[in-house]
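**Q** output the structure for:
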Amino acid sequence: MYHRKLPLLSILIPLYNEEEFVGHLLDRVLNAPYPEGVDIEIVIVDDCSRDASVEIVRNLAAKHPGKIRLIQHQQNTGKGGAIHTAIAAATGDYCLIQDADLEYDPKDYPRLLRPLLDGRADAVFGSRFLTSEERRVLYFWHAQANFVLTLMANVVADLNLTDMETCYKVVRTPLLKSIPLRNKRFGLEPELTIKLAQRAARIYEVPISYNGRTYAEGKKIGLKDAFEAVWTIGKFALWKDIYTHSGGQTLDALTAAPRFNSWMAETVKPYLGETVLEIGAGIGNLTQTLAPKRRRYIATDIDEEHLARLSNRFSHRPTLEVRRCDLANTRDFQGLEHSVDTVVCLNVLEHVKDDIAGLKNIHASLKPGGRAVILVPHDQKIFGTLDTALGHFRRYSHGELTERLRNNGFEVERILEFNRISRYPWWITGQVFKSKDLSGFQMKVFDRFVWLWRKLDNVLPWPPVSIIAIAKKA
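**A** Next comes the predicted model:
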């Protein structure tokens, strides 16, 4: 399976008027019992403190060069805004959010990190309400508000968390950086929770100790923040906003179209053998249909988050392997030479600037007589902003695709035409409205009528959106 090692942990600390506690907190962070081999960086974002907090941090940073970085905001944005800045500055493999007071104890770091280091989790939440060694008993109504907000977030995210509002959230940095976070106050907690769930992240909870403070001792969260959290939960229940790039949004929208994915998979499935290499599996929308009952199935991609999601999604399949593979990079195909009887390459070749190199790599990985199944977008006339946002270099004609295959050692058995119904919607979306992504709502509506589109596909009088080459290694 696909896992990354952890050389560095980024500890993100939003800071606002904590002169009484921040020095003691940093001492605890620096002396926490980290797992062997784990190095740390501490990223502190001061959100316009009006006390001596910044001076204390500067003095400690001078004593620990290379360990502590201080970033100062020019205006107050709120806890969420400070965390946004810290995430952008983080360079570690994992990010751990730590408040600047002493409510949460860095001695719990090993417990929080264990599921991540083992490769079992994408995110770990530290729960104040699971059985732990100790927690300070405080406000009843505050606990009930936490319970209600956690319940609401669980309903929206389809989770069974016990403590959504916990400060201690540790997330793989590439995943965290790929999620757009909008809320700049305490509403960040439910927003991040819901978006992690929508990204199908593997979330674990572990018990932590908790030494909560009273409002007299400086506690900042209040009733206004509870209402903001409710608003945030409702907002992201209706708005699925989980990728920082539009191409990812489109991929996720396709997840909401299982009938369309089944149509594509069933179209190519008759041409697949027992050992299959899938190039550009993405998040596995087609893999889930094509992989079952294969003797060996290798799902590949170049995006770290896609690889992590593939590993998560198909961890129960012993015959399925996940590995990084760039279609145009011959080195990524080392060990795959003459190893499979089928290469499936759906909506990938158009993403490669040097598509000839890609075809040569496909040819090299096939056994003699093996078959390539290659789906590409058709007709340069409808190339538009959707293509650009998705990273397409080109769209192909029948003749262009056939010629490229024959010049690189393939016999073209047939060219299939696929999905005529979407031609004009694609052209209107990409050339008239200049849109850069497909929405989940659009795909859900389209998907409901796939039964009709399949019946119409062979009788519509215009060219298709895609063509599929079935080619044998000569």
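
**Q** mind listing the helices for the stretch 351-474 of the chain?
**A** Secondary structure of the stretch 351-474 of the chain (DSSP state H, counting those that start in this stretch): helices located at 355-365, 385-390, 398-406, 423-427, 440-448, 450-456.

**Q** nope, the stretch 151-300 of the chain is what I meant
**A** Under DSSP H, counting those that start in this stretch, the stretch 151-300 of the chain gives helices at 173-177, 188-198, 223-238, 246-255, 258-268, 287-290.

**Q** which of these has the highest mean neighbour count?
**A** helix 188-198 (a mean of 24; mean count of other C-beta atoms under 10 Å). In short, each C-beta sits where N, CA and C put it, glycine included.

**Q** which residues touch it?
**A** Contacts to helix 188-198, defined as C-beta atoms under 8 Å, 6 or more residues apart in numbering, come from residues 79-80, 83, 122-123, 125, 149, 152-153, 156-159, 161, 164-166, 169, 171, 175, 179, 181-183, 203, 229, 232-233, 236-237, 240-242.

**Q** tell me where the protein is predicted with low confidence.
**A** Across the chain, the ranges flagged by pLDDT under 70 are 1-6, 131-139, 213-222, 246-247, 251.

**Q** now the strands: where do they sit in it?
**A** For the chain, applying DSSP state E gives strands covering 8-15, 39-46, 68-72, 94-97, 123-127, 169-172, 203-207, 275-279, 296-301, 320-324, 340-346, 366-377, 410-418, 466-473.

**Q** what is the end-to-end distance of stretch 287-297?
**A** Distance across stretch 287-297, first residue to last, is 9 Å (C-alpha to C-alpha, to the nearest Å).

**Q** start the count at 855 instead of 1 going forward.
**A** Shifting the count to begin at 855 puts that one at stretch 1141-1151.

**Q** so what touches that stretch?
**A** 1115-1116, 1119-1120, 1122-1123, 1126, 1128-1130, 1132, 1135, 1153, 1164, 1167-1168, 1171, 1173-1175, 1194, 1198.

**Q** quick one on the thing from earlier: which one of the strands of the chain lies closest to residue 971?
**A** strand 948-951 (8.8 Å; C-beta to C-beta).

**Q** what pairs with the closest one, and is each one parallel or antiparallel?
**A** Taking DSSP bridges as the criterion, strand 948-951 forms sheet pairs with strand 862-869 (parallel), strand 1023-1026 (antiparallel).

**Q** out of these, which gets nearest to residue 875?
**A** The nearest among the strands paired with strand 948-951, by C-beta to C-beta, is strand 862-869 at 10.0 Å.

**Q** distance between the closest one and the chain's centre?
**A** 21 Å (C-alpha atoms, centre = their mean, to the nearest Å).

**Q** one step back: please convert the helices of the stretch 1005-1154 of the chain to JSON lines, extending it with distance to residue 996.
**A** Shown next, in JSON lines, are those (distance: least, C-beta to C-beta, whole Å):
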{"stretch": "helix 1027-1031", "distance to residue 996": "27"}
{"stretch": "helix 1042-1052", "distance to residue 996": "14"}
{"stretch": "helix 1077-1092", "distance to residue 996": "9"}
{"stretch": "helix 1100-1109", "distance to residue 996": "36"}
{"stretch": "helix 1112-1122", "distance to residue 996": "42"}
{"stretch": "helix 1141-1144", "distance to residue 996": "43"}
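
**Q** what's the closest of these to residue 1216?
**A** helix 1112-1122 (14.5 Å).
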